[in-house]
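Student: My questions concern the predicted model and sequence given below.
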Amino acid sequence: MRTGEPLPAVGDVLAALATGLWHWDTSTGLVAVDAEAARLLGLPAEDATLTEAQVRARLHPVDWNEITGVVRLAAAEGTLAEVRIRIMDERGRIIRVVRSRSRPAYDSRKKAYELIGTLQEVTEPTPGSPAGRSAVTGDWRRSREAFLLDAGRALAEARSTAEVLRVAAGLSMPGFSPDGLAVFGVEADHLTIIGHHGQQEGDEVPFVHMALETDYPAAEVVRTGRAVYLASPEEYQARYPLTWKLAQRFERRSWAFLPLTASGHTMGAWMAAFTYPVAFTPDERSVLTTVARMLAQALSRAGTAETERALSEGLQRSMMPTTGPAVPGMDVAARYVPTGGGLQVGGDWYDVIPLPGGPSRTRTKAGAGRFALVMGDVQGHDVRAAGLMGQLRIALRAYASEGHRPDAVLTRASRFLHGIIDEGADSADDDLADLRFATCLYAEVDPRTGILEVARAGHPDPVIRMADGTVLLRPTAGGLPLGVDPDADYPTTRFVLEPGETMMLCTDGLIETGGHDLDTGWQRIRAILEQHDGDTEELADALVQAVHGPSSHHTTGPLADRREDDIAVLLLSRLPGGHGGAVTARPEIRRTLLTVAQAEPERIALARQQLRELLHDWSSADQVDSAVLLLSETLTNVLVHTDTDALLLAEVSGERGERRMRVEVTDAGDDLPHKRRPGELASSGRGLVLIELLADAWGVEPRGVGKSIWFELYEPPHPKL
């Protein structure tokens with residue numbers, strides 16, 4: 001071409017270079033190609049306007065998906081979209097490989113992309129070579145996909161910022177793994193260092209609290225929300241001369257700074273630095289961008305979870321008391337484990353309340369040291385439940401400190417909670433949207449005598465672990481849960497905690513967690529109580545671990561958290577001899593006490609169950625059946641032939657194999673029983689006959705008021721087979 005001659009047309013130049021030209025508008029779904037581009041696509045060599053479906057039919061399906069990803073990335077970064085494409089014939093065979101280069105533009109009004117680009121045939125690179133690594137086909141693609149799946153899984157399982165940083169430091173990217181990483185956060189108008197890897201301790205100091213206006217790549221990324229790629233030290237120095245000296249001493253060759261964006265907000269920047277040159281091809285930028293997005297999401301989740309944990313732990317610490325100072329002759333241990341997930345706050349609580357005086361409600365020496373134990377559960381596992389729990393706990397403390405008896409404390413607490421719920425319902429759009437109730441057990445304790453007075457509002461009964469390991473569910477009278485009826489009554493049950501015995505109070509989370517119901521859950525807890533051989537604190541830990549699982553359940557991995565409900569446990573042990581000792585001391589006597597009222601004949605079944613549990617290790621099953629039968633006859637006799645209540649006292653004493661069982665039923669009736677000979681069709685009169693036949697010893701003892709019928713059975717020296 002001579003000087004002064006006009007320049008050839010662009011199309012002629014491209015045709016001479018075997019380069020085709022194409023134009024794609026995603027809003028219309030049409031692709032315009034010139035003759036050379038049509039030839040490269042395996043179509044007749046003439047200008048044409050094709051649909052996206054026609055073009056897609058000529059491309060390898062995997063490469064079509066790659067094109068859409070590269071286009072979005074290039075549009076977001078304002079760079080060229082470059083990709084290798086395999087062209088297919090009608091039989092699905094690859095006829096050539098072409099390279100497409102374009103500059104996409106995004107029209108926000110049309111919500112569509114417009115691209116003008118070129119096509120040029122290239123030689124398929126050797127797999128595994130540097131050129132092959134930039135192709136969209138081959139082993140590198142499969143390695144990249146496997147890497148992103150593994151990285152996404154690991155980051156999704158990370159539960160804390162430290163775990164996220166540990167996972168990020170261990171990422172091995174296919175073909176271009178960085179040897180230096182740093183995660184920058186934002187605090188006000190300054191950068192902070194959340195974590196780094198590949199640098200020495202203290203190397204981060206110059207970058208801490210760097211102003212966002214500083215001429216530094218991470219600061220620019222946070223300001224603009226766009227990635228910065230620096231392929232060489234010369235490019236770094238040319239673009240950021242003021243901060244080049246800070247990066248120069250690390251002797252890196254390439255850097256990538258990417259925004260950490262979550263929910264549309266740039267929360268920081270991620271730096272990946274390399275000791276060798278990296279070209280940052282579209283595929284490499286795509287990997288880095290994907291990792292940055294996953295890293296941002298993981299850091300956002302971890303930060304939210306850590307904030308929630310700090311909030312819930314602070315809230316629970318402020319609401320949960322300590323067990324207070326040591327009480328002479330008593331040992332108290334408590335545990336609280338919030339439910340897994342969410343804010344980890346709920347409505348379970350316990351309390352230990354010093355009381356103002358003794359039984360006469362005056363500050364006498366005999367009444368000094370009395371205290372109350374409270375175990376409760378407000379319905380729900382949310383902030384509302386925690387708030388109601390805090391209010392109810394304060395109210396109970398106030399009523400107890402005024403010197404009210406247990407029944408009066410619960411009645412006032414129920415009225416208090418009912419008033420709060422009514423006020424909340426009146427202000428809500430739906431009166432039934434947030435109705436709550438609470439179960440509660442309130443027990444006054446006299447440490448000098450071991451006497452407990454218990455009132456119960458819909459809560460599980462207390463459990464007694466006797467000094468020899470025998471475990472009994474201690475039935476107590478109860479009323480409706482708090483807040484249901486402002487005028488509900490809560491009767492009081494009185495019993496004695498003997499030296500060496502332990503009482504357990506708990507919420508239903510300890511019993512029902514792990515797919516158990518009340519029956520199977522109770523059997524699990526009972527086994528722990530019976531088998532434990534340690535002090536009260538160790539017993540509390542064993543109970544929680546039996547339900548909550550080992551410490552590995554708190555870490556990332558396939559083991560799921562087993563907490564389905566809040567767990568609260570309170571243990572009260574009466575030490576043998578009134579001073580130090582373990583809960584496993586073994587005195588010679590175990591006993592149970594139960595009242596059967598005239599209006600509660602169904603408690604006879606409960607008395608039979610109590611006696612069987614008391615005799616759980618008796619060597620003769622026949623004698624146990626006999627004792628249960630005689631107890632039924634004795635209690636029924638009181639209810640049928642008198643108008644008074646019956647008091648049951650059952651005791652087991654002596655060494656194993658030589659023990660004595662004594663059952664005594666007392667009533668206030670004046671008439672003494674006498675043995676009769678009932679006829680064949682008589683419906684009564686056999687009670688004393690059975691006692692005489694089955695008991696080793698029996699008798700009737702008049703009392704000042706009423707009488708007592710008792711019988712004894714002696715354990716055989718060898719169990720009957």
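Tutor: Arrived safely, thanks for sending.
Student: where along the stretch 401-550 of the chain do the helices fall?
Tutor: Here the stretch 401-550 of the chain has its helices, by DSSP state H, counting those that start in this stretch, at 406-427, 508-512, 518-531, 536-548.
Student: Out of these, indicate the one that is most buried.
Tutor: Ranked by mean neighbour count under mean count of other C-beta atoms under 10 Å, the helices of the stretch 401-550 of the chain are led by helix 508-512, which reaches a mean of 22. Glycine gets a C-beta too; all of them are placed from N, C-alpha and C.
Student: Counting by contacts, list what it packs against.
Tutor: helix 518-531, helix 536-548, strand 567-574 (3 or more C-beta pairs under 8 Å, 6 or more residues apart in numbering; DSSP states H and E).
Student: Using PDB, list the CA coordinates for it.
Tutor: C-alpha atoms of helix 508-512 as PDB (Å, rounded to 0.1, in the frame of the first residue of the first chain):
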ATOM      1  CA  ASP A 508     -38.200 -31.000  79.800                       C
ATOM      2  CA  GLY A 509     -35.200 -30.300  77.500                       C
ATOM      3  CA  LEU A 510     -33.100 -32.700  79.600                       C
ATOM      4  CA  ILE A 511     -35.700 -35.500  79.200                       C
ATOM      5  CA  GLU A 512     -37.100 -35.200  75.600                       C
END
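Student: average model confidence for it?
Tutor: Averaging pLDDT along helix 508-512 gives 83.
Student: next one: it to chain centre, how far?
Tutor: Helix 508-512 has its C-alpha centroid displaced from the chain centroid by 15 Å (C-alpha atoms, centre = their mean, to the nearest Å).
Student: okay, now Glu306: neighbour count?
Tutor: 14 (other C-beta atoms under 10 Å).
Student: That one: which element?
Tutor: Assigned by DSSP states H and E, Glu306 belongs to helix 282-319.
Student: List of residues touching the helix or strand that contains Leu631?
Tutor: For Leu631, the host element (DSSP H and E) is helix 621-641. The contact list for helix 621-641 (C-beta atoms under 8 Å, 6 or more residues apart in numbering) reads 596, 598, 601, 604, 607-608, 611-612, 615, 618, 644-646, 648, 650, 661, 663, 665, 667, 669, 671, 673, 684, 686-687, 690-691, 694-695, 709, 711, 713, 715-716, 720.
Student: Just these: which are in helices?
Tutor: Using DSSP state H, the members of the contacts of helix 621-641 that fall within helices are 604, 607-608, 611-612, 687, 690-691, 694.
Student: Report the two of the residues you listed separated the most.
Tutor: Arg612 and Gly687 (19.8 Å; C-beta to C-beta).
Student: Which one's more surrounded, these two?
Tutor: Gly687 (22 against 15).
Student: So for the more buried one, what's the nearest residue that isn't a sequence neighbour?
Tutor: Glu633 (4.1 Å; C-beta to C-beta, 6 or more residues apart in numbering).
Student: That neighbour - how many residues pack around it?
Tutor: Neighbour tally, Glu633, other C-beta under 10 Å: 20.
Student: Adding distance to Pro277, write the helices of the stretch 401-550 of the chain out as a markdown table.
Tutor: Shown next, in a markdown table, are those (distance: least, C-beta to C-beta, whole Å):
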| stretch | distance to Pro277 |
| --- | --- |
| helix 406-427 | 66 |
| helix 508-512 | 59 |
| helix 518-531 | 63 |
| helix 536-548 | 53 |
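Student: nearest to Asp215, of those?
Tutor: Closest among the helices of the stretch 401-550 of the chain, once you apply C-beta to C-beta, is helix 536-548, at 52.8 Å.
Student: For that closest one, the averaged confidence score.
Tutor: For helix 536-548, the mean per-residue pLDDT is 86.
Student: Stretch 486-496 too?
Tutor: 89.
Student: Name the residues that touch it?
Tutor: 405-407, 410-411, 414-415, 418-419, 449-457, 474-480, 593.
Student: can you give me how far that stretch is from the chain middle?
Tutor: 35 Å.
Student: List the buried residues in that stretch.
Tutor: 488, 490, 492-493, 495 (16 or more other C-beta atoms under 10 Å).
Student: could you dump the residues you listed to CSV with distance to Ser263?
Tutor: Listed next are these as CSV, based on distance: C-beta to C-beta, whole Å:
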residue, distance to Ser263
Ala488, 48
Tyr490, 50
Thr492, 55
Thr493, 55
Phe495, 58
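Student: now the end-to-end length of stretch 524-540.
Tutor: 14 Å (C-alpha to C-alpha, to the nearest Å).
Student: got the contact list for that stretch?
Tutor: 331-335, 463, 465, 469-471, 502, 504, 506, 510-511, 516, 542-543, 546-547, 569, 571, 573, 582-584.
Student: circling back to that earlier point, of the contacts of helix 621-641, grab the buried ones for PyMOL.
Tutor: To isolate the buried members of the contacts of helix 621-641 in PyMOL, using 16+ other C-beta under 10 Å:
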select buried, resi 596+604+607+608+611+615+618+644+645+646+648+650+661+663+665+667+669+673+687+690+691+694+695+709+711+713+715
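Student: ok, how many other residues are close to Leu155?
Tutor: By other C-beta under 10 Å, the residues close to Leu155 number 22.
Student: Give me the nearest residue to it, chain neighbours excluded.
Tutor: Nearest to Leu155 is Ala298, by C-beta to C-beta, 6+ apart, at 4.0 Å.
Student: how close does that neighbour get to Ala272?
Tutor: Relative to Ala272, Ala298 is positioned 16 Å away (C-beta to C-beta, to the nearest Å).
Student: Is His209 in contact with Thr192, as I believe?
Tutor: Yes: in this structure, His209 is within contact of Thr192 by C-beta atoms under 8 Å, at 6.9 Å.
Student: Neighbour count for those two, which is higher?
Tutor: Set His209 next to Thr192 and count neighbours by other C-beta under 10 Å: Thr192 wins out with 16 against 13.
Student: Give the bridge partners for that one, please.
Tutor: Gly185 (DSSP bridges).
Student: Could you tell me which strands sit next to the longest strand anywhere in the chain in the sheet, and their orientation?
Tutor: When the chain is scanned for its longest strand (criterion: DSSP state E), the result is strand 94-107. When sheet partners are counted by DSSP bridges, strand 94-107 sits next to strand 81-88 (antiparallel), strand 112-122 (antiparallel).
Student: Out of the ones you listed, name the one with the poorest average pLDDT.
Tutor: Minimum mean pLDDT among the strands paired with strand 94-107: strand 81-88, a mean of 84.
Student: now Ile525: how far from Gln531?
Tutor: For Ile525 relative to Gln531 (C-beta to C-beta), the value is 11 Å.
Student: before we move on, what about Leu191?
Tutor: 57 Å.
Student: low pLDDT regions in the stretch 301-450 of the chain?
Tutor: Scanning the stretch 301-450 of the chain for pLDDT under 70 picks out 308-325, 339-346, 357-368, 381, 423-434.
Student: actually the stretch 451-600 of the chain, not the one I typed
Tutor: For the stretch 451-600 of the chain (pLDDT under 70), the answer is 514-515, 548-565, 577-588.
Student: Try it again at 80.
Tutor: Across the stretch 451-600 of the chain, the ranges flagged by pLDDT under 80 are 512-519, 547-566, 577-589.
Student: one step back: measure how far the helix holding Leu631 is from the centre of its chain, please.
Tutor: 48 Å.
Student: May I see the buried residues of stretch 100-113?
Tutor: 100, 102, 104, 113.
Student: Quick check: Gly180 touching Ala256?
Tutor: No: if you go by C-beta under 8 Å, Gly180 and Ala256 don't touch, sitting 10.8 Å apart.
Student: Who has more neighbours out of the two?
Tutor: Ala256 (26 against 17).
Student: Next, count neighbours for the closest residue to the more buried one other than its chain neighbours.
Tutor: Ranked by C-beta to C-beta, 6+ apart and with sequence neighbours excluded, the top spatial neighbour of Ala256 is Ala272, at 4.6 Å. Number of residues near Ala272 (other C-beta under 10 Å) recorded here: 26.
Student: All set now, cheers.
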